[in-house]
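In: Return atomic coordinates for the entry below.
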Amino acid sequence: MSAPRSINSLYDLTGRVAIVTGGAGLYGRHMCYALAEAGAHVVVTSRDLTACEAAATALRRDGYEASAHRLDQADEASIVELRDAVVASLGRIDVLVNGSVHRQGSDPNRTTAADWTATSEVNSSGLFLITKHIGEQMMAQRSGSIVNIGSIYGVVGPTFDVYAGTEMTSPAFYAFDKGGMVNLTRYLACFYAPYGVRVNCLSPGGLATPDQPAAFVTAYAERTPLGRLAGPDDIKGPVVFLASDASGYVTGVNLMVDGGWTAH
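Out: Predicted structure coming up:
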């Protein structure tokens, strides 16, 4: 048995390479900062290279290590190109945060077959393929941490009342994709475990943004035991925990970060 390590060293990601898909998005930006602040070189990816480059530039300006790469998760060739480029330039991949999500469609009455196909190409097939190709690199290294970003709506059905009086709703594809992600996490945790690769899911609640209707913010807070939406810091500790050695004996878990939403 190895000697106990300090808590700071367990959370330290210095020298590690972390890919964050959807890294320029709402939660993505905060997760990129968290991983970079913990010492990782963060590769910010999405289909919007301009947004990724802006996010990576902001990280570097603040003294952290970061780069940007375009990723179209619906295109397997783009996934392979990302993996190969990161390994060629940085030597390894230690962390994959699967945060990309394609939003198209709404409730069942307002979702077409084309909408469903488009979301599935990214949120289902694309999720599998990027995990497969990055997972192959991690298997070769015999180490790595994969963190899938789920949702409260991958665990429970939507509370439509919180959207009353707004144009907002919970789309049908989201429940399907995020629910499937939770059990795929368990499957992959068992598959990759012999290679020293851990796979976990982090399922957050809603993140507060300036453009949310007041009626929704109030209704959401009343429904949540902690009485509020998530803030920018609420996702940071959990993602570093799952990415780092601090969770070295944790795999196949779905960690709820939801202010108690799913506790009742």
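In: Can you show me the helices along this protein?
Out: Remark: helices assigned in the chain by DSSP state H are 7-11, 26-37, 49-61, 76-90, 113-120, 127-141, 172-192, 214-223, 236-243.
In: report the longest strand in this structure, please.
Out: Across the chain, the strand with the greatest residue count (assigned by DSSP state E) is strand 197-204.
In: just checking, what packs against it?
Out: Packing partners of strand 197-204 (3 or more Cβ pairs under 8 Å, 6 or more residues apart in numbering; DSSP states H and E): helix 127-141, strand 144-149, helix 172-192, helix 236-243, strand 254-257. Where C-beta positions appear, they are placed from N, C-alpha and C, glycine not excepted.
In: which stretch among these comes nearest T111?
Out: T111 sits nearest to helix 172-192 of all those, at 5.5 Å, using Cβ to Cβ.
In: Can you name every helix or strand that the closest one contacts?
Out: helix 113-120, helix 127-141, strand 144-149, strand 197-204.
In: what's around the residue lying closest to A74 once chain neighbours are set aside, how many residues?
Out: Distance criterion Cβ to Cβ, 6 or more residues apart in numbering; nearest residue to A74, sequence neighbours excluded, is E121 at 4.1 Å. Number of residues near E121 (other Cβ atoms under 10 Å) recorded here: 17.
In: Ends of stretch 205-212, what's the gap?
Out: Distance across stretch 205-212, first residue to last, is 14 Å (Cα to Cα, to the nearest Å).
In: Quick one: mean pLDDT for that stretch?
Out: Mean pLDDT, stretch 205-212: 95.
In: Same check on stretch 35-50?
Out: 98.
In: got it, and stretch 72-80?
Out: In the prediction, stretch 72-80 has an average pLDDT of 98.
In: what does stretch 98-113 give?
Out: pLDDT averaged over stretch 98-113 gives 96.
In: list the buried ones in that stretch?
Out: Neighbour counts over stretch 98-113 (16 or more other Cβ atoms under 10 Å) mark 98-102, 104-106, 111 as buried.
In: so how far is it from its chain's centroid?
Out: Offset of stretch 98-113 from its chain centre (Cα atoms, centre = their mean, to the nearest Å): 17 Å.
In: and the closest residue to I149 other than its chain neighbours, what does it touch?
Out: Nearest residue to I149, sequence neighbours excluded (Cβ to Cβ, 6+ apart): G99, at 4.4 Å. G99 makes contacts with 20-23, 25, 27-28, 31, 149, as judged by Cβ atoms under 8 Å, 6 or more residues apart in numbering.
In: ok so, going back, please tell me I have it right and the residue nearest to A74 contacts D72.
Out: No - using Cβ atoms under 8 Å, E121 makes no contact with D72, being 9.7 Å away.
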